[in-house]
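Asks: pasting the sequence and the predicted coordinates here, then a few questions.
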Amino acid sequence: MTLEHGVLQALRQSDVWQPFAKAGEEPWTLLYQYREGDTWHVLRSCILAPKALRPQVLTDNCWLPDVYLGTPSFEESYNEGHKRHEYFRFGDHTGFEPLVVLQKHFGIRPPMPPQLSEEFRLYHNLWINDNKNGLFKVNYDGSEELAAEIDSNTVRVRTKYIRQFQAGRQLDLLLRVNAVKYVDDPDEVAQLGEVGPSNDRDNLRISVHVSNQVRGRKCPSSHVSGRKLLTAPPQTKAGIWPFDRREETYQEFIIGEDSDGEPIGHTCDPDQLNNYFGKDPDAPHYLTPVYFRREVLKRYHEQPEKYSIGDGRLDCGSLWILALDNDHPDHVMVFLGDLGSYLPESERHYWRAFNVVPTGDPSRTVVRRALLGQWADPEAPDLRFRQTYGRFKTEWRERLGWPLFKDPEPEDAHILQRLRIPLDTSQPEFEGQILGLTKVLVDALDVKAIQKQLPTMVKNEKSIAKLERWMRQECYLSTERDIAFLRRLQRLRSKVAAHRKGSDYKKVLAAEKINDDPIQEVATMFQNAERLLSGLATHIGLALDE
């Protein structure tokens, strides 16, 4: 009797072995997975194998360790009647190693999720994000790439990182699949034998065997068994030093314009630039200024957990640092040679989109520092304020023994970093700076420390009022000026930035005498904020400029 077509198709388990046949040939590779249902179960697993076993690992007579390979243990042997014990990191002498590690705890404790080999994680310096069940690769340019996904029964890894690890270790990877499926049909008990694929290749063996009995039951059943060998690439593909070098592309940047007004571009490759030692005398100089719209810095301001923008520099963690001129109100300037020497190639593509024809000069600050070798503080109001704020907090506490401003909570540590002259005239840029300034100047006031300096307690007294009482107690001469600035800042936060705009929004702007140019308005706020800090510092005998 012949099995019905639908039943036979189910027993072929094409949905199991066809994806397995493509394993290792796509961007992601499934290294481990266990799934089961009432009438089926599928196990995908893998193992690293020494190249010496390559001729035999696909054959049926090659013994393979089970999925729990990886537990350190001793092997016992006898030599001329003497017992000998040898320790093996991965359990035996065969040379097999786990890429996915499984642990079992005898039913006393729940099973742990599968883990990637520690050596694999350290090889690629992967960062574990427990919240996303993912492992991430941090690239040289500061970008992050999902390298692996792990949950309670699945491990999926980017194929390129597996192949690089194989190249570095010079180990083959053997992928395995075992699956069982049965169909309840007591009338069909024929012994069908092999019904599996006939597309075995040099690196692939798959069999699908159908019989009439499984788990002691009379019913058609099939068993899929497959092995696929991914041989180790050459070591030059290891992907880490010294095998991580690749040919770099150097973009052209606009460095001027010709007599017809057409832009003149030149490569930023430092090897093709002139320098002070006579190299390439006909090429532009290494220190040729290249100009960019100020909006180029927006992506870096918005990711303070990764980037830091300071006075004359942009840092990406400890990966790279770019010297720049961010002290000019109209543009950002970087020297042509620095673009090629210090900015990663992927970042240069981004910067190229903001490149503009030079229509001005570098800031006076960068001229004094880079060309004249002089010490110079920044002139941009935002850079000056951020610099002054940090000095003020430290020196105030050291001088008086109590803090005027609290240190930020970890979640708010980025606020000072994000303070800036607006990069454009948009409403979000304007409102963001009002919110940020209010947080560091008003919300950050340490009201408990200020109250300790006052003789009386006033019920429901707000922070600015408390500061005003202390200023008047100390006979601070600029009390009215500075308190008026803080109260205006607080009103703007409430009426302009924090709440939905009402029909009287324009009246609010007029009443507060907001400058029509939001960039200039915020610049003035930074100047007033610095004036407040400098005034208080002078009052207690601090010289912040020294």
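Replies: Looks like it arrived, so ask away.
Asks: beta partners of the spatially most central residue of the chain?
Replies: Note on the chain: the residue nearest the mean C-alpha position is E144, at 3.8 Å, using C-alpha atoms, centre = their mean. Under the criterion DSSP bridges, E144 forms beta bridges with V138.
Asks: from L31, how far off is it?
Replies: 21 Å (C-beta to C-beta, to the nearest Å). For the C-beta atoms, the positions are set from N, CA and C on the backbone; glycine is no exception.
Asks: try G70
Replies: Distance, G70 to L31, by C-beta to C-beta: 13 Å.
Asks: one more: Y342?
Replies: Noted for Y342: a distance of 38 Å to L31, by C-beta to C-beta.
Asks: out of the two, which sits in the busier spot?
Replies: Legend: neighbour count by other C-beta atoms under 10 Å for Y342 and L31, higher for L31 (26 against 17).
Asks: pLDDT weak spots in the stretch 201-350 of the chain?
Replies: For the stretch 201-350 of the chain, the stretches flagged by pLDDT under 70 are 212-220.
Asks: where along it do the helices fall?
Replies: 298-301, 336-342, 345-352 (DSSP state H, counting those that start in this stretch).
Asks: so how far is the longest one from its chain's centroid?
Replies: Its chain's average C-alpha position is 17 Å from that of helix 345-352, according to C-alpha atoms, centre = their mean, to the nearest Å.
Asks: and the very next helix or strand once past that helix, what does it pack onto?
Replies: Downstream of helix 345-352, the next assigned helix or strand under DSSP states H and E is strand 355-356. Packing partners of strand 355-356 (3 or more C-beta pairs under 8 Å, 6 or more residues apart in numbering; DSSP states H and E): strand 252-257, strand 289-292.
Asks: tell me which of these sits most buried.
Replies: Ranked by mean neighbour count, these are led by strand 289-292 with a mean of 23 (mean count of other C-beta atoms under 10 Å).
Asks: output that strand as PDB, restricted to C-alpha atoms.
Replies: Output of strand 289-292 as PDB, limited to C-alpha atoms (Å, rounded to 0.1, in the frame of the first residue of the first chain):
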ATOM      1  CA  PRO A 289      41.300  74.400   5.500                       C
ATOM      2  CA  VAL A 290      38.100  72.500   4.600                       C
ATOM      3  CA  TYR A 291      34.800  74.000   5.600                       C
ATOM      4  CA  PHE A 292      31.500  72.400   6.600                       C
END
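Asks: contact partners for the residue nearest to the centre of the chain?
Replies: W127, F136, K137, V138 (C-beta atoms under 8 Å, 6 or more residues apart in numbering).
Asks: which SS class is the closest residue to the first one other than its chain neighbours?
Replies: Once flanking residues are discounted, W127 sits nearest to F136: 4.8 Å by C-beta to C-beta, 6 or more residues apart in numbering. The three-state label for F136, taken from DSSP: H, G, I helix; E, B strand; the rest coil, comes out as strand.
Asks: roughly how far does F136 sit from Y161?
Replies: 11 Å.
Asks: quick check: neighbours shared by these two?
Replies: Residues touching both F136 and Y161 (C-beta under 8 Å, 6+ apart) are A147.
Asks: looking at those two, which is more packed in?
Replies: Taking neighbours as other C-beta under 10 Å, F136 and Y161 compare with Y161 leading, 21 against 18.
Asks: any stretches of this structure with poor pLDDT?
Replies: Applying pLDDT under 70 to the chain flags residues 1-6, 184-200, 212-220, 497-505, 545-546.
Asks: looking at it, which strand is longest?
Replies: strand 217-230 (DSSP state E).
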